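**Q** fold the stuff below for me.
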Amino acid sequence: MMNAKYLEKIVKGFANHHRIRILELVAKEPNLTLLDITDKLKINFRTASEHTRKLVGAGLLLKKYKGTSVEHRITDRGKLILKFCRILE
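**A** A predicted model of the protein is given here:
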């Protein structure tokens, strides 16, 4: 069973409307770069960078280094979190 601090890190990882939007976007369109995410969601580059960093830290997104760019994919845990969020709607 997960300890409470680890669970808190996961919950804090998606506890923001930008992060939920990023998860939804990457679930629909895998392998997006940070620039793709900022363009599609119309958010600041630094904002997107910070939010994707937190999503990766919580185990909800994966980074894949491809040459000079970094692509993002949703993890299985990230998919479960999106299902959880839909239940709460």
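
**Q** got the residue ranges for the strands in the protein?
**A** 32-33, 61-66, 69-74 (DSSP state E).

**Q** residue 73: neighbour count?
**A** Residues lying near residue 73 (other CB atoms under 10 Å) number 14. From N, CA and C alone the C-beta is placed, and that goes for glycine too.

**Q** I'd like the strands of the chain written out as a markdown table, with distance to residue 21 and mean pLDDT added.
**A** As requested, these are exported to a markdown table (distance: least, CB to CB, whole Å; pLDDT from 0 to 100):
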| stretch | distance to residue 21 | mean pLDDT |
| --- | --- | --- |
| strand 32-33 | 12 | 96 |
| strand 61-66 | 13 | 95 |
| strand 69-74 | 13 | 96 |
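
**Q** redo the ones you listed as JSON lines? Include distance to residue 55.
**A** JSON lines is the format used below for the strands of the chain (distance: least, CB to CB, whole Å):
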{"stretch": "strand 32-33", "distance to residue 55": "12"}
{"stretch": "strand 61-66", "distance to residue 55": "4"}
{"stretch": "strand 69-74", "distance to residue 55": "8"}
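
**Q** go through those and name the closest to residue 23.
**A** strand 69-74 (6.2 Å; CB to CB).

**Q** for residue 7, see how far away residue 25 is.
**A** Applying CB to CB, to the nearest Å, the value for residue 25 to residue 7 is 25 Å.

**Q** between these two, which is the more surrounded one?
**A** Just comparing residue 25 and residue 7: by other CB under 10 Å the higher neighbour count belongs to residue 25, 17 against 11.

**Q** check that one and give its pLDDT.
**A** pLDDT for residue 25: 98.

**Q** likewise residue 2?
**A** 67.

**Q** kindly report the same for the one 5 residues further on.
**A** Here the pLDDT value assigned to residue 7 is 87.

**Q** same question for residue 17.
**A** 96.

**Q** what's the neighbour count on it?
**A** Counted with other CB under 10 Å, residues neighbouring residue 17 total 9.
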